[in-house]
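A.B. asks: Here is a sequence together with a model predicted from it:
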Amino acid sequence: MMFTSFIVLTITGLPIKFEQSGISQRVVSLFGGFDTMFAVHLAAAAVMLLASAYHLIYLVIDPLVNKKLSLAILPNGKDFVDVVQDIQYLLGLRKDPPKFDRYSYKEKFDYWAVFWGMAIMGGSGLMMWFPQFFTQYMPRWIIDSSRYAHTDEAILAISAIFIWHFFNSHFSPRFFPMNHVWYKGTITREEMKEDHPLELERHDRKNETYVEDTNKGE
């Protein structure tokens, strides 16, 4: 829901921002006119908002159901060290890349950027969608400013996704033409050893402890 709606919003949103472009006019004609394209844009926006709401609900319910709360996605001091070490490695100043745990700093950046983006994009989009409602609670200049916040954040999000995210997740020589984890939901032991060695080491230690305890029980 998230990645599909994002692509649709990109295709239908850029022609609105760059309405004078010849390419934008051709895109509008493919939808049969501006009104149809804008309706598709709003529908995709609704899907993205629903996906975000679903995820927030999941974050609350899952720990309650499974009685387990994971904080692995939260940024920590090691992430900042990993950034420096990764840059050193890419510049040839370090022999080995940093070892990542369950999530690398790149994955955490991708994840939390969505929260920032949804707050800006979703909030400003709703203000433009329902101005009569929001003008009851905030001054008009905030509503007027929402268009600039919406379009500028859109360009930032599109650039981040199609440059940063797509390379790290799909276009990198290690994954090209794509990283299959997005639809399989699993990675191989070799991939885990390469991308998340600290988590793999932790799992191996747990398995060894489990085997030892089982043997003792026998």
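C.D. replies: Now that the structure is in, tell me what you want to look at.

A.B. asks: ok, and the closest non-adjacent residue to residue 135?
C.D. replies: residue 143 (5.9 Å; CB to CB, 6 or more residues apart in numbering). C-beta here means a position set from N, CA and C on the backbone, and glycine is covered the same way.

A.B. asks: Report pLDDT for residue 218.
C.D. replies: With respect to pLDDT, residue 218 has a value of 63.

A.B. asks: so who does the residue nearest to residue 135 touch?
C.D. replies: Taking CB atoms under 8 Å, 6 or more residues apart in numbering, we find residue 143 in contact with 127-128, 131, 134-135.

A.B. asks: again, but for residue 70
C.D. replies: By CB under 8 Å, 6+ apart, the neighbours of residue 70 are residue 63.

A.B. asks: Tell me where this protein has helices.
C.D. replies: 2-17, 22-30, 34-66, 77-90, 105-129, 131-134, 140-159, 166, 181-184, 189-195, 197-217 (DSSP state H).

A.B. asks: what's around the residue nearest to residue 161 when sequence neighbours are not counted, how many residues?
C.D. replies: Excluding the flanking residues, the one nearest residue 161 by CB to CB, 6+ apart is residue 6, at 6.9 Å. Close neighbours of residue 6, defined as other CB atoms under 10 Å, add up to 21.

A.B. asks: quick one: contacts for residue 160?
C.D. replies: residue 113.

A.B. asks: From residue 39, how far off is it?
C.D. replies: Distance of residue 160 to residue 39, given as CB to CB, to the nearest Å: 27 Å.

A.B. asks: could you measure residue 27 against residue 134, distance?
C.D. replies: Residue 27 is 29 Å from residue 134, by CB to CB.
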